[in-house]
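Visitor: Sequence isn't available, so here's the structure alone:
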């Protein structure tokens, strides 16, 4: 982002309704201040631009909202002003749902994504596969220009280590063979799962828990929120974490630190 090397902190968080988190204690703005990120990405904001007024001194705010009110939506708050912002990927499905907020900086592309959920019974799986393919192509195009940092709720637990009960959830939305294979293709297209690269054998590391059956309290979760980077950025990764002590949503924030 700047000509001199410095440490940058990135945060990604599916807030599952920003207006709700603003009313909780601690509130979103308190958590935002505490985490002190250089770039803070949100998913599932569930609002239209202008429905909330966030006072975030020192940050530029970029919103990508769904046409449907109260649904989906992404946003990125960044200290450095980007060169440009892209909010669609040219997908034949879900491109009007505010699922992308991509910012170009001098040294890299930053892409915040909220991947469509395949839904109960995998009723949206076909559309999800169309989205995944187009998203891979979109990132590949950006990667021709400069390295990629992409983050968000990818709505898939990639391997069995990434959820508490893989045997019970085989072919559930987020753990179907098709979704897992699609995520593998995304990584094979030229991206690295930063957390798993740093912690290859760490189980019990989850970023989402069902609101039912006290799942979070009992440690029954899924890791579906990721930071992925182009391979040439991996040596510059100085930290990666799942901030599971932060409440307010059914997801917790995930973190990436880079020396750029």
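Guide: It's in. Quick caveat: nothing in here was measured; it's all calculated off a predicted structure.
Visitor: Which stretches in the protein count as helices?
Guide: Per DSSP state H, the chain carries helices over the ranges 18-22, 28-35, 125-143, 166-169, 177-188, 194-198.
Visitor: Indicate which one of the ones you listed is closest to residue 248.
Guide: Closest to residue 248 of the helices of the chain is helix 18-22 (C-beta to C-beta; 4.6 Å). Bear in mind the C-beta positions are built from the backbone N, C-alpha and C, glycine included.
Visitor: Going by neighbour count, which residues of the closest one are buried?
Guide: Neighbour-count burial for helix 18-22, counted by 16 or more other C-beta atoms under 10 Å, picks out 18, 21.
Visitor: what's the offset of it from the middle of its chain?
Guide: 18 Å (C-alpha atoms, centre = their mean, to the nearest Å).
Visitor: returning to that earlier point: any idea which of the helices of the chain is most buried?
Guide: For the helices of the chain, the largest average neighbour count (mean count of other C-beta atoms under 10 Å) is found in helix 194-198, namely a mean of 20.
Visitor: And the strands in the protein?
Guide: With strands called from DSSP state E, the chain shows them at 7-14, 39-43, 60-64, 74-78, 84-86, 100-104, 109-114, 148-153, 192-193, 208-209, 221-222, 225-229, 237-242, 254-259.
Visitor: Let me know the angle separating the second one from strand 225-229.
Guide: Relative orientation of strand 39-43 versus strand 225-229 (axes from the mean of the first three to the mean of the last three C-alpha atoms, to 10 degrees): 130 degrees.
Visitor: Strand 39-43 vs strand 74-78, what angle?
Guide: Put simply, strand 39-43 runs at 170 degrees to strand 74-78, going by the same axes, to 10 degrees.
Visitor: And the average pLDDT for strand 39-43 is what?
Guide: What strand 39-43 shows for mean pLDDT is 99.
Visitor: same deal with the longest one?
Guide: Regarding strand 7-14, the rounded mean pLDDT is 98.
Visitor: Contact partners for the residue nearest to residue 142 when sequence neighbours are not counted?
Guide: Distance criterion C-beta to C-beta, 6 or more residues apart in numbering; nearest residue to residue 142, sequence neighbours excluded, is residue 109 at 4.5 Å. Contact analysis of residue 109 by C-beta atoms under 8 Å, 6 or more residues apart in numbering lists 102, 103, 142, 143, 145, 146, 147, 148, 149, 150.
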